[in-house]
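what shape does this take:
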Amino acid sequence: MTMELTGRAAHRAEITARAQAEMAAMGVDAAFIDLLVETFYGHIRQHPELGPVFDGRLAGRWPDHMVKMKAFWSSVAFKTGAYGGKPVMAHQNVDGMAEHLFLQWLQLFSATLVEMGASEQAHGWFMASAERIAKSLVLSLFYNPALDDPRMRSQS
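The predicted model follows:
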């Protein structure tokens, strides 16, 4: 059992080290993640549609959210496992949440990466990750499999 745990820890450390090296080659480090999260959510708060939705959910809790988002993006980028939240649950029952807002979220995320001067590789990597996350949330929050049934569509 001890050998198995030691092997897992070594494998985990190898994965994290490889991810850190890949991110470093793209110009991404912990400071990059901090700046990305701070800049992006600063833009979110000013956005005419996204701002009110986020403020409605996070009023008085923005500092905690920033810490959580930095842990989330660090975990995604560096494969650290530092984030242990439940994103789908966190986005359920949010007043004003609508499917079309995810496209605006993605556009603002891309614009933030450009504004920061992210390398082309970093921009591509972060956008691919953000698009997967957005798709997962949209499917979890808005997808209704019954609507795939042609019989159900004809009744609506």
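
name the helix or strand of the chain that has the lowest mean pLDDT.
Across the helices and strands of the chain, mean confidence by mean pLDDT, DSSP states H and E is lowest for helix 150-155: a mean of 60.

what residue ranges in this protein are flagged as low confidence?
1-9, 11, 87-90, 92, 94, 145-156 (pLDDT under 70).

isn't Thr112 up against Val37?
No - when contacts are counted by Cβ atoms under 8 Å, Thr112 is not listed as touching Val37 (9.5 Å). In short, each C-beta sits where N, CA and C put it, glycine included.

mutual contacts of these two, please.
Both Thr112 and Val37 lack any common contact, where contact means Cβ atoms under 8 Å, 6 or more residues apart in numbering.

gap between the closest residue to Ala130 other than its chain neighbours and Pro48?
Leaving aside its sequence neighbours, Ala130 sits nearest to Phe109 (Cβ to Cβ, 6 or more residues apart in numbering; 5.1 Å). Here Phe109 is placed at a distance of 17 Å from Pro48 (Cβ to Cβ, to the nearest Å).
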